[in-house]
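**Q** 3D model of this:
(2 chains)
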Amino acid sequence: MSIGLLIFVFILAIFLGVELITKVPSQLHTPLMSGTNAISGITIVGALTAAGTGADTMASIIGTIALILATINVVGGYLVTNRMLAMFKRKDKGQK
Amino acid sequence: MTDTITVLIDLGYIVASILFIIGIKMLGKPERARRGNMVSALGMLVAVVSALLECCLSFSLVIAGMVVGAFIGVIAARTVKMTSMPQMVAILNGFGGLASLLVGWENYHSMPESNLFITIAILLAVLIGGVAFSGSVIAYGKLSGKLSGKPIFFYSQQIVNGAIIISILLCGAIFAYHPAASLSYVIFIVIIGLALTLGVLGTIPIGGADMPVVIALLNSYSGLAASAAGFIILNNVLIVAGALVGASGLILTGIMCKAMNRSLTNVLFGGLQAAVSAAGSDQQVQGEPNPISPEDAFFLLEAARSVVFVPGYGMAVAQAQHAVRELGDILENNGAEVRYAIHPVAGRMPGHMNVLLAEANVLYEQLAEMDDVNPIMDSVDVCVVIGANDVVNPAAREIASSPIYGMPVINADKAKTVLVLKRSMAAGFAGVDNPLFVRQNTRMLFGDAKASMQQLVSEFKES
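**A** Sure, this is the predicted structure:
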């Protein structure tokens, strides 16, 4: 894949991100932050390759630690966000 | 055959990117936010499965790593208290940053002789990931109370930071010139050390009340670090997802800064501190506070037809959210209209108060934003301020010399009566005097917020 194309994708994604987030109501800022935080755990894809194809023991150790951390970020992030969002109740279904 | 699999894997990454985009879009709508989070989690699953199809020579480490990580993640997410959510988000964010750093390191370790582009991507992943990690650890320490929440300054801090940045640039240039040389590995480790130091030094001067800005910014960094990791392994899904997170973190940072009427540089370099010490002496608040007993506060609330609660960090500290909701329900049954007005930077992370009140079963419709409440404030009978201070400080509107002058605040003082629940007469986190507490229409109910709330609730139950 050409480098120019990768940079192109990156810049487009930044603009897309700005458009997506600008109109979020402030009530949802915390779940939005922890939800996007979980998405930043996408580095798990890099960690998988790092852990699975390490050139030597050292590389495998670094890769595996990266994988553990990224998995914590992903799993913990999504579950915590889900827990928070489950608490936001609305009148139609959430009446006490 | 292999071709088909390669195409499938690429399609998987594309599907994952689309699911992230749709997921983030849905996260912005209250009624669809929860499903949005699930859509985004599904995207992550697709990405991980695609990666598993191409990644691995041996699966033992991969499976072990994922099982350990998932186990820790589940336990942490299940057991964390809602009041501890800011530090939880901070530490998860730190893990993501460190993972990107390690991905960069592993790639360098296994293939020192990459082209210049990949070498630069490795440097960026290590730098941004390192700052995100150590910064998040400090933020975690401050938010959880393990470190002092006060800003820490030391002599010639800016010069030290500048020196570190210049060293990083120099080391980076030497490293990028000839990454495969044996000396370069040493330089690489030095760069990691410098990045971690920079994250620590960049976060310690920031006070607890400014934490919403810092968390949002660090969130953005960890996204950008993931993007940099994507440039290393030439994978679009990392680039797209990381860029989305990076952009969203930056937007949130901007919103938080705007809500405090301060620039990002001002928050990051502690400009408020200097302003307080300069203006603090000649700006004394005149007047005496009017204390009120819980019995009188009860009569006040009992007669009120409309009540607005304004929570602040003090409510989180006192864990008073359930007692607040209980009182709110009683007032509603008593015929009053009850709303909760939430300032964008109340608490220690964006939307902190909303999460706590939602945990206490306050309905989404009752949570009002600052701009919705301020226009109707003069028709409100009682405005109950619980552990909030700077976000209701009228000095921000009236006293041009005040350090927080110009910051948008909830105009609690415009209500017919203001009931302030407060531990003592100490100044708020920003160290600024609050003239609200000595206004004619303000009554101070001193004591622990939770205990005071419970006392009011029992007064209502007895009557």
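
**Q** mean pLDDT per helix and strand in chain A: which one sits at the bottom?
**A** Least confident helix or strand of chain A, by mean pLDDT, DSSP states H and E, is helix A:91-94 with a mean of 50.

**Q** what about the chain, any weak spots by pLDDT?
**A** Unless you meant another one, I'm taking chain A. Residue ranges of chain A with pLDDT under 70: A:1, A:90-96.

**Q** meant chain B actually
**A** Judged against pLDDT under 70, the low-scoring parts of chain B cover residues B:1, B:270-286, B:425-432.

**Q** longest helix in it, please.
**A** When every helix of chain B is counted residue by residue (DSSP state H), the longest turns out to be helix B:116-143.

**Q** against chain A, how distant is the residue most central in space within chain B?
**A** The geometric centre of chain B, computed from its C-alpha atoms, lies nearest to residue B:349 (C-alpha atoms, centre = their mean), at 3.1 Å. Plainly put, residue B:349 is 6 Å away from chain A if you go by C-beta to the nearest C-beta, to the nearest Å. Every residue, glycine included, has its C-beta placed from N, CA and C.

**Q** residue A:31 is in contact with that residue, correct?
**A** No - Residue B:349 is not in contact with residue A:31 according to C-beta atoms under 8 Å; the separation is 11.0 Å.

**Q** quick one, the helix of greatest length in chain A and helix B:116-143 angle?
**A** Secondary structure assigned by DSSP H gives helix A:57-87 as the longest helix of chain A. Counting by axes from the mean of the first three to the mean of the last three C-alpha atoms, to 10 degrees, helix A:57-87 points 50 degrees away from the direction of helix B:116-143.

**Q** the residue of the stretch 101-250 of chain B found nearest chain A is in what secondary structure piece?
**A** Residue nearest to chain A within the stretch 101-250 of chain B (C-beta to the nearest C-beta): residue B:247, separated by 2.8 Å. Following DSSP states H and E, the helix or strand that holds residue B:247 is helix B:236-259.

**Q** for that helix, buried residues please.
**A** Residues of helix B:236-259 classed as buried by neighbour count (16 or more other C-beta atoms under 10 Å in any protein chain shown): B:236-257, B:259.

**Q** other SSEs contacting it?
**A** The helices and strands touching helix B:236-259, judged by 3 or more C-beta pairs under 8 Å, 6 or more residues apart in numbering or on different chains; DSSP states H and E, are helix A:3-21, helix A:29-39, helix A:44-52, helix B:2-27, helix B:33-55, helix B:211-232, helix B:264-268.

**Q** what's near enough to touch the closest residue to residue A:58 other than its chain neighbours?
**A** Closest residue in space to residue A:58, ignoring its immediate chain neighbours: residue B:109 at 6.1 Å, by C-beta to C-beta, 6 or more residues apart in numbering or on different chains. Each residue near residue B:109 by C-beta atoms under 8 Å, 6 or more residues apart in numbering or on different chains is listed here: A:55, A:56, A:58, A:59, A:62.

**Q** tell me where the stretch 351-463 of chain B has helices.
**A** For the stretch 351-463 of chain B, the helices identified by DSSP state H, counting those that start in this stretch occupy B:352-359, B:370-373, B:395-398, B:449-462, in order along the chain.

**Q** re the thing from before, quick check: ChimeraX command selecting the buried ones in the contacts of residue B:109.
**A** Buried members of these, defined by 16+ other C-beta under 10 Å, are picked up in ChimeraX with:
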select /A:59,62
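
**Q** residues touching the residue nearest the centre of chain A, list them.
**A** Taking C-alpha atoms, centre = their mean as the criterion, residue A:39 is the residue nearest the geometric centre of chain A, at 1.2 Å. Listed by C-beta under 8 Å, 6+ apart, the contact set of residue A:39 reads A:77, B:20, B:23, B:24, B:40, B:43, B:44, B:223, B:241, B:244, B:245.

**Q** all set now, cheers.
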